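Asks: Quick one, what's the 3D model for this:
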Amino acid sequence: MTLVGVHAGLSVDHLVSEPAGAHFSCPGGPALFAALGARLVTGTEVRVSCPLPEDDPRFARIFDESGVDRRHCRQVATVPRLWILNSARGRRIVSQDTTAGTELEREGHRPELKEDAIPAPAAGFPDGLDGLVASSPTERPAAAPGTRVGLDPHQTLVAEQGLRYLRRVVSAATVLLPSRVQLNLLDGDPRRAARSLAYGLGLPVIARLDAEGSYVVTADGIWSVRDRAVTVVETTGAGDASAAAVVAALAAGADPVEAAMFGTSVARTALAGWGHAALAAGTPISRPFPDITTRKEN
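Replies: Now for the predicted structure:
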C-alpha cells in the first residue's frame with residue numbers, strides 16, 4: 001500500500017453552471033476533492049489534515065465512508081461558504097461573506113479573493129507518508145525524506161511574488177502541479193510558463209490545463225496528455241482530484257507521464273458529476289483509462 005497525505009482546506013460550495021443549473025450547499029474544498037481523488041489510484045491509503053467544521057458533519061461522514069484517515073484534522077466552528085459560478089465568460093468564485101471575487105479563467109487577471117491560511121498539520125501528520133499533496137502552502141511543506149511532494153501553488157502568492165514565492169516553498173522532492181490559472185499569472189501562454197518553471201526551478205512540472213488535459217515538462221522531455229473521451233457535467237474539484245491522483249501514482253513508482261495519465265483519468269471521473277459525488281462513487285483504477293493519449297513534443 002501507498003500512503004498519501006493531503007494538507008488543504010474545505011469549503012461549502014454553491015455551484016452554478018450555465019446552462020446546466022445549480023446545486024447549493026455542496027461539501028467541497030481541495031482537501032475533500034484531493035482525498036477522494038488520491039484513493040482512486042489502486043493501492044492508495046489517504047490521510048488528511050484540514051480544518052473540520054463542527055457545524056457540518058457531512059465532511060467527517062464522507063471521509064469515514066471513503067476510508068480516509070481524518071485523525072489529523074483540526075476541529076473548527078465552520079469553513080468558508082463560496083459561490084462558484086461558471087459561464088461562457090469564465091469562472092468566478094465569490095465568498096458568501098463578501099462581494100469580492102476572482103475571475104479564474106480570464107487571461108491576465110490578478111485574484112482579489114484572498115485564500116484563507118490553512119493551519120499547520122498536527123504533529124505526526126507527515127510520518128510514514130509516501131506522498132504529500134500540499135495545497136496553497138505559504139511555506140515549504142514539512143515532509144520526511146523520501147516523501148514525494150506534489151505542490152499546488154498558492155494562487156494569491158503566485159500573483160504577488162511569482163518565482164520568489166515558488167523558490168521558497170519547493171524542495172528537491174517537489175513536483176509542481178500548477179493550474180492554467182496560476183500559469184497565466186506568470187505568462188499569457190500557460191505551456192511556456194510551465195516550461196519556464198521547470199527549467200528555472202529544476203523540477204518536474206505537471207500542468208493542469210482543464211479540458212486540454214495535462215502538460216508534462218521534465219528533464220527528459222515534454223509531453224501533452226489528452227482525454228478525448230471526457231464528458232463535462234461540472235468542473236469544480238477536478239483539478240484537486242487530478243493533482244492528488246498524480247501524487248498517488250508518483251508515490252507508487254509511476255514516472256511523471258504515467259502519473260499525469262492517472263491524474264487525467266481521475267479528472268474525467270470528477271467532471272462526470274456535480275461536486276464530490278462522482279469521485280465518492282468512483283472505483284479505484286490500477287492503470288490509466290485506455291483512451292488517454294500522450295504525445296511527446298520534443
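Asks: Now do the contacts for the closest residue to Gly124 other than its chain neighbours.
Replies: Using CB to CB, 6 or more residues apart in numbering and skipping residues adjacent in sequence, the residue nearest Gly124 is His72, 7.0 Å away. Any C-beta I mention is one placed from the backbone N, CA and C, and that applies to glycine too. By CB atoms under 8 Å, 6 or more residues apart in numbering, the contact list for His72 reads Arg47, Val48, Ser49, Pro121, Ala122, Gly124, Phe125.
Asks: and the residues you listed, which two are the farthest apart?
Replies: The span of the contacts of His72, defined through CB to CB, is set by Val48 and Gly124 at 13.4 Å.
Asks: wouldn't Leu132 be in contact with Leu3 here?
Replies: No: counting by CB atoms under 8 Å, Leu132 stays clear of Leu3, with 9.7 Å between them.
Asks: Tell me how far the spatially most central residue of the chain lies from Val181.
Replies: Nearest to the geometric centre of the chain sits Asp240, at 2.3 Å (CA atoms, centre = their mean). Plainly put, Asp240 is 13 Å away from Val181 if you go by CB to CB, to the nearest Å.
Asks: Quickly note the distance from Gly162 to Arg168.
Replies: Where Arg168 is concerned, Gly162 sits at a distance of 11 Å (CB to CB).
Asks: before we move on, the earlier item: make a ChimeraX selection of the buried ones in the contacts of His72.
Replies: ChimeraX command restricting the contacts of His72 to the buried ones, with burial defined by 16 or more other CB atoms under 10 Å:
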select :47,48,49,121,125
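Asks: Is it possible to get a markdown table of the contacts of His72 that adds secondary structure and distance to Gly37?
Replies: Formatted as a markdown table, those follow (DSSP: H, G, I helix; E, B strand; the rest coil; distance: CB to CB, whole Å):
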| residue | secondary structure | distance to Gly37 |
| --- | --- | --- |
| Arg47 | strand | 14 |
| Val48 | strand | 12 |
| Ser49 | strand | 16 |
| Pro121 | coil | 19 |
| Ala122 | coil | 22 |
| Gly124 | coil | 23 |
| Phe125 | coil | 19 |
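Asks: What is the nearest of the contacts of His72 to Asp64?
Replies: Val48 (11.2 Å).
Asks: mind listing the helices for the stretch 101-250 of the chain?
Replies: Along the stretch 101-250 of the chain, the segments classed as helices by DSSP state H, counting those that start in this stretch run 155-161, 163-169, 180-184, 190-201, 238-251.
Asks: and the ones you listed as CSV, adding mean pLDDT and distance to Ala20?
Replies: Shown next, in CSV, are those (pLDDT from 0 to 100; distance: least, CB to CB, whole Å):
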stretch, mean pLDDT, distance to Ala20
helix 155-161, 94, 25
helix 163-169, 96, 35
helix 180-184, 93, 21
helix 190-201, 97, 26
helix 238-251, 97, 15
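Asks: For those helices, state which one has the densest average packing.
Replies: Mean neighbours per residue, mean count of other CB atoms under 10 Å, is largest over the helices of the stretch 101-250 of the chain for helix 238-251, with a mean of 31.
Asks: can you give me how far that helix is from the chain middle?
Replies: When distances are taken as CA atoms, centre = their mean, to the nearest Å, helix 238-251 is centred 7 Å away from the chain's centroid.
Asks: can you check stretch 133-147 too?
Replies: Here stretch 133-147 is found 14 Å from its chain centre; the criterion is CA atoms, centre = their mean.
Asks: sorry, back to before: show me the one of the helices of the stretch 101-250 of the chain that comes nearest Pro284.
Replies: When the helices of the stretch 101-250 of the chain are compared by CB to CB, helix 238-251 sits nearest Pro284, at 9.8 Å.
Asks: Confidence-wise, which helix or strand of this protein is lowest on average?
Replies: One helix or strand of the chain scores below all others by mean pLDDT, DSSP states H and E: strand 101-103, with a mean of 45.
Asks: Around Ser17, how many other residues sit close by?
Replies: 19 (other CB atoms under 10 Å).
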